[in-house]
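[1] Just the structure for this:
(2 chains)
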Amino acid sequence: MSALPPGAELDPAVVRRATRLWLVVLAIFGGLLVLRSVIGTELGTGDAARTVHGYGLVFVEPAGQGFAEVPASAWADAMAKDPAQDRITLSVPRTAGVWVAAILTLAVLSFLWRDNPAYKLAESIVVGVSAGYVMSVAVWDTLVPKLVGALAPGLTKAHLMPALDVSAPDWWALVPLALGFLLLCRLAERTSWLGTFPLAFVVGTFSGWKFVQYVESDLLAQVATMFDPLWVPGPTAAATVGGTLCAVLVLVGVLTVLAYFFFSLEHRGPLGGAARVGIWYLMITFGASFGFTVMGRIALLAARCEFLFDRWLWLIDPAGNH
Amino acid sequence: MSHGAHAPSLVDRIDRIDRRWIFLAMFLAVAVPILWVGVTGRTFPETPTPAVQGAFDALESLPPGSKVAISMDFDPASAGELQPMATAIVRHCAMRGHSICAMTLWPAGGPIVDATLKDVLGGRPEYRYGENYVSLGFQAGNEGVMKQVNADMAAAFPTDARRTPLADLPVMKGIRRITDFDLLVSVSAGYPGAKEWVQFTVSATLTSGKPLRFVAGSTGVQTPQLIPYYPTQMAGILGAIKGAAEYEFLVNDAVRRADPAASIPARFQEAQRRMAPQLFGHVLMIALIILGNVVFFARRARGVQA
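    Coordinates of the predicted model:
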């Protein structure tokens, strides 16, 4: 939907009315949450059935060296048999995890209302946790085993990584160490020029790699398929017609899109006609990409909604969690 | 809010609708079907497309005990789309008795690999870690790792995720390089992922004596970039949640054909459950696109600049 014309301002009365309407919508959702808690959830079966006023609870039982999650109904059944049992218990950390995940999900979704502190908080937590996790993985999966472990295996095995399977130093690891130090020189203005050497190494190596592989997989292999027969026999007449039609459409698409991107001649006459067909192919491709993107985004929204309704609110139980 | 002497028309009001109503409509279009599916337990039947059928057949046609490498190159942000795929593929491998070697090139993928293997193989006593399946965990290096596994698997992954050298794992016996696997599967959300596996690993083997069979599962955003590789460089593609639902349907159908009395656990129908919200979400999107175009042309007919 289009924006307001330049210079136009929203009518304050309309803004107030919209705000009131949205507060009513949010109040309805809040009321439903409270109602959900009051109504409770019936757990267990038969004589063991009991109503629990709450949701988002996670129960666990000992398993191996830790704990395994069990359905809430298992807890209800165990309590019916022995009210004093402590094998299946409420897991406070996991319950808190479900609630934190639910609240952060709602905080992120609140951006749809408008930018707000709850969204900013959730955004900051995501950035901080992600950066911390990736740094931790980089240290323990890369730097320690591949650099420190390669240069000082004894020290690494003794103090950092007992399972390291290296016995003798690998002095070739000094090369990436030196390149890494040179890269850090970019942090200081006077030594930043030293950082160009590792960058040149990375860019040069990667370009060579990428170029060769790209030519092989995206050019030669794709061009080779253009020489496949246009007649594609199938097990049925419909399959033959469909396969042949697809092959023809692909060939026409390749030629006409190439015609569109051929700028050495003016797009008139047959070349102009082919280029126009090429534009249609491109538009259909963009449309298909948009459609796939919509599907992906709806899938992510559906996953979060299912989490909220299942693990948090206990409104549904498709996976038998409670 | 009027910009002229007359009251705003229906077209004007639709044109200036508060975008939050659209968000609410999309939320309801997704949420209500989820509740409906959650309460009734019903899912839509799926008709597999050739690309998904190709992926299924690639696994199904391998003799039991074949070795399958699965690279789960995604993180929790894409798990809503890709986790059902990864689960269905690992489950299919287990049903067929294949050995599984799982890995990831994404830093946050390690816990996903472990959770997927535990979820699917945890209840199968015949699957023992190190003998029938292994998690190689995360390895940094992106395309570097992909190139390295072409020549020497143990150089790229010296140990598994539990720090056991590959040579000490029975499941890795006979595996020197990636082409020693009977099939490579990549479930990926972007870079590095299926596209890079094709470029740096699969394509290089196509002209060799032993081409590596490859299957990809990808997010909706990435799928259009992968379609040109099918079927020459890929045996099949699972595109987005729809592809996952079709694959899940094929696997569950195979279970029912083998044992008509078998019940399918709900956690193995995750993608199929997500198709009802997809349907209503897409219907709403199409309606909004049509409505937007109607408003656009109506305003243009009146000579109003957008």
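[2] Most distant residue from the centre of chain A?
    A:Gly269 (46.9 Å; Cα atoms, centre = their mean).
[3] could you measure that one against A:Ala259, distance?
    Taking Cβ to Cβ, to the nearest Å as the measure, A:Gly269 falls 11 Å from A:Ala259. Heads up, the C-betas are built off the backbone N, CA and C, glycines and all.
[4] So for the helix ranked longest in chain A, what gets flagged as buried?
    Across chain A, the helix with the greatest residue count (assigned by DSSP state H) is helix A:269-307. Applying a neighbour-count criterion of 16 or more other Cβ atoms under 10 Å in any protein chain shown, one finds A:271, A:274-275, A:277-278, A:281, A:289, A:291-307 buried in helix A:269-307.
[5] what helices or strands is it leaning on?
    helix A:92-109, helix A:237-260, helix B:19-40, helix B:79-96, helix B:223-226, helix B:240-258, helix B:275-301 (3 or more Cβ pairs under 8 Å, 6 or more residues apart in numbering or on different chains; DSSP states H and E).
[6] Okay, buried residues for the third one please.
    If you call a residue buried by 16+ other Cβ under 10 Å, then helix B:19-40 has these buried ones: B:26, B:29-31, B:33-35, B:37-38.
[7] hmm, back to that, go through the helices and strands packed on helix A:269-307 and name the closest to B:Ser135.
    helix B:79-96 (11.0 Å; Cβ to Cβ).
[8] and that closest one, C-alpha only, in PDB?
    What follows is the C-alpha trace of helix B:79-96 in PDB, where atoms were taken according to Å, rounded to 0.1, in the frame of the first residue of the first chain:
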ATOM      1  CA  ALA B  79      15.600 -24.800  11.800                       C
ATOM      2  CA  GLY B  80      11.900 -24.100  11.200                       C
ATOM      3  CA  GLU B  81      12.400 -24.900   7.500                       C
ATOM      4  CA  LEU B  82      15.300 -27.300   7.600                       C
ATOM      5  CA  GLN B  83      15.100 -29.300  10.700                       C
ATOM      6  CA  PRO B  84      12.200 -31.400   9.400                       C
ATOM      7  CA  MET B  85      14.300 -32.100   6.300                       C
ATOM      8  CA  ALA B  86      17.300 -33.200   8.300                       C
ATOM      9  CA  THR B  87      15.200 -35.400  10.600                       C
ATOM     10  CA  ALA B  88      13.400 -37.100   7.600                       C
ATOM     11  CA  ILE B  89      16.700 -37.800   5.800                       C
ATOM     12  CA  VAL B  90      18.400 -39.300   8.900                       C
ATOM     13  CA  ARG B  91      15.300 -41.300   9.600                       C
ATOM     14  CA  HIS B  92      15.200 -42.600   6.000                       C
ATOM     15  CA  CYS B  93      18.900 -43.600   6.300                       C
ATOM     16  CA  ALA B  94      18.100 -45.400   9.500                       C
ATOM     17  CA  MET B  95      15.100 -47.200   7.900                       C
ATOM     18  CA  ARG B  96      17.300 -48.400   5.100                       C
END
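[9] What's the first helix or strand after that helix?
    Tracing the chain past helix B:79-96, the next element assigned as helix or strand by DSSP states H and E is strand B:99-104.
[10] can you give me the strands in the stretch 51-200 of chain A?
    Using DSSP state E, counting those that start in this stretch, the strands of the stretch 51-200 of chain A run over residues A:59-63, A:66-70, A:89-90.
[11] Residue ranges of each domain in the chain, please.
    No chain specified, so I'll use chain A. The record's domain parsing of chain A by automatic domain parsing lists A:12-114, A:226-309.
[12] please go with chain B instead
    Taking automatic domain parsing as the reference, chain B has its domains at B:10-42+B:288-301, B:50-271.
[13] Good, we can wrap up now.
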